[in-house]
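1. pasting the structure only:
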């Protein structure tokens, strides 16, 4: 089978994607080095026959498409890694709205691909429908919520853990009493998971610093969502407007769990910092910080990239610090996509199916048939690839552009929360709702 990339995408859009990926590769190569994929393939010579030759992968990209400098672009990287290192042919479709998704899956199913990967939780219904009617077709889904299907792998991440780490850092960095902002793209369960982890991290740091110093340390929080609809992940203008409003309310650092919408928030923050006289000085921190999400977005806040963000020449820029993006909360979507592609080639999904994954009760939002008679018991499900901090799939970047701004307190807080997560003394809550509690501590 000779399956090629989808031709319906415009040439201009294709070029834009290449530019973005080149910039990410040039400006943030350390992400690839530091966050090594959990299933790294053996290097083979160009003359060798690659193990996936004659096999194929299809991907349905989420609303917002390629060029989001995050979620979808990472999935694209995973697909291309499967092509270049395993030899798999590939084809992809891009959803422009949620209503497109069933038809896009149907188109890929008709091509008899070895595995089809859906990117995003809004693929749930299509995955359930087609996995049932096509039992011999393998599926995987990033942020999927379909379990116990023998032909589906749900690729999940402990976003709450990574968010807690950057939340703790945010509290230490901005100082006592400074407001800390969270911008979610859509008011939905998985974004609440980011929010609750972030909130926990801020509160944990406040408590830790208070107990360590003997002086009360507290940071108020500002919680904002761009939309209740899925287009809240692809709304840069809304991200810009929300960012301006959050800055006006006194937010000194804003974590954007908002996909492409976050780019607009970055623009609002960068413009504000410039207006306040910050000129990318290595000796003075910016007035307002940003924290990126999913991909390593730290490069976006450098002078070279930010001032040329709309230029086609950005791929050739030599990016140096500082950046107004303190760090990014990595979510290695590329790792998950590549892992399921590799397992498809190897014909081995036993590691997932023989080890049920445990989730908190709120994961199912009251679907009591899955979480015990009262909906308050842990849930154990099969078919989940769960990637977290120990797999280098979530967590902060390595501060390539901002390390000079990290204080001794920042380093102390980071060390304490990361060590606690690894040794099990710190348990970051896994909460998918926005109500029902006043504090996570």
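-> Done, it's in. Quantities reported herein were computed from a predicted structural model and do not represent experimental measurements.
2. am I right that residue 386 is in a helix?
-> No. Counting by DSSP: H, G, I helix; E, B strand; the rest coil, residue 386 falls outside a helix, being strand.
3. what about it, neighbour count?
-> Using other Cβ atoms under 10 Å, residue 386 has 17 other residues around it. All C-beta spots, glycine's among them, are computed from the backbone N, C-alpha and C.
4. so what does the stretch of helix or strand residue 254 belongs to touch, helix or strand wise?
-> Applying DSSP states H and E as the criterion places residue 254 in strand 251-257. Counting contacts by 3 or more Cβ pairs under 8 Å, 6 or more residues apart in numbering; DSSP states H and E, strand 251-257 packs against helix 159-174, strand 179-186, helix 189-213, helix 236-248, helix 261-275, strand 289-294, strand 325-331.
5. mind putting those into TSV with mean neighbour count?
-> Below are those laid out as TSV (neighbours: other Cβ atoms under 10 Å):
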stretch	mean neighbour count
helix 159-174	28
strand 179-186	27
helix 189-213	22
helix 236-248	19
helix 261-275	23
strand 289-294	29
strand 325-331	28
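6. okay, those in a markdown table with mean pLDDT and distance to residue 115 next?
-> Output for these, formatted as a markdown table (pLDDT from 0 to 100; distance: least, Cβ to Cβ, whole Å):
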| stretch | mean pLDDT | distance to residue 115 |
| --- | --- | --- |
| helix 159-174 | 97 | 24 |
| strand 179-186 | 97 | 27 |
| helix 189-213 | 95 | 23 |
| helix 236-248 | 98 | 32 |
| helix 261-275 | 97 | 30 |
| strand 289-294 | 96 | 22 |
| strand 325-331 | 96 | 21 |
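7. of these, which is nearest residue 422?
-> Nearest to residue 422, of all those, is helix 159-174, at 10.3 Å by Cβ to Cβ.
8. and the angle from that closest one to strand 251-257?
-> Counting by axes from the mean of the first three to the mean of the last three Cα atoms, to 10 degrees, helix 159-174 lies at 160 degrees to strand 251-257.
9. any idea of the angle helix 159-174 forms with strand 325-331?
-> Using the same axes, to 10 degrees: helix 159-174 against strand 325-331 is 170 degrees.
10. still on that earlier bit, and the strand holding residue 254, which strands flank it?
-> When sheet partners are counted by DSSP bridges, strand 251-257 sits next to strand 179-186 (parallel), strand 289-294 (parallel).
11. can you classify residue 431 by secondary structure?
-> Here residue 431 is recorded as coil under three-state DSSP.
12. surely it and residue 196 touch.
-> Yes. With contact defined as Cβ atoms under 8 Å, residue 431 reaches residue 196; the gap is 4.1 Å.
13. now do the strands in the stretch 1-150 of the chain.
-> Using DSSP state E, counting those that start in this stretch, the strands found in the stretch 1-150 of the chain span residues 56-61, 89-94, 115-119, 138-142.
14. direction included, what does the third one pair up with?
-> Right, strand 115-119. Short version: by DSSP bridges, strand 115-119 pairs with strand 56-61 (parallel), strand 138-142 (parallel).
15. make CSV from these and add distance to residue 201, mean pLDDT and mean neighbour count to it.
-> Converted to CSV, the strands paired with strand 115-119 look like this (distance: least, Cβ to Cβ, whole Å; pLDDT from 0 to 100; neighbours: other Cβ atoms under 10 Å):
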stretch, distance to residue 201, mean pLDDT, mean neighbour count
strand 56-61, 30, 95, 27
strand 138-142, 23, 93, 26
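16. next, format the ones you listed as JSON lines and append distance to residue 116.
-> As requested, the strands paired with strand 115-119 are exported to JSON lines (distance: least, Cβ to Cβ, whole Å):
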{"stretch": "strand 56-61", "distance to residue 116": "4"}
{"stretch": "strand 138-142", "distance to residue 116": "5"}
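17. between those strands, which one is closest to residue 254.
-> Nearest to residue 254, of all the strands paired with strand 115-119, is strand 138-142, at 24.7 Å by Cβ to Cβ.
18. immediately after that closest one, which helix or strand?
-> Note on strand 138-142: by DSSP H and E, the next helix or strand toward the C-terminus is strand 152-157.
19. helices and strands around that next one, which ones?
-> Contacts defined by 3+ Cβ pairs under 8 Å, 6+ apart place strand 152-157 against strand 138-142, helix 333-346, strand 384-387.
20. cool, thanks, talk later.
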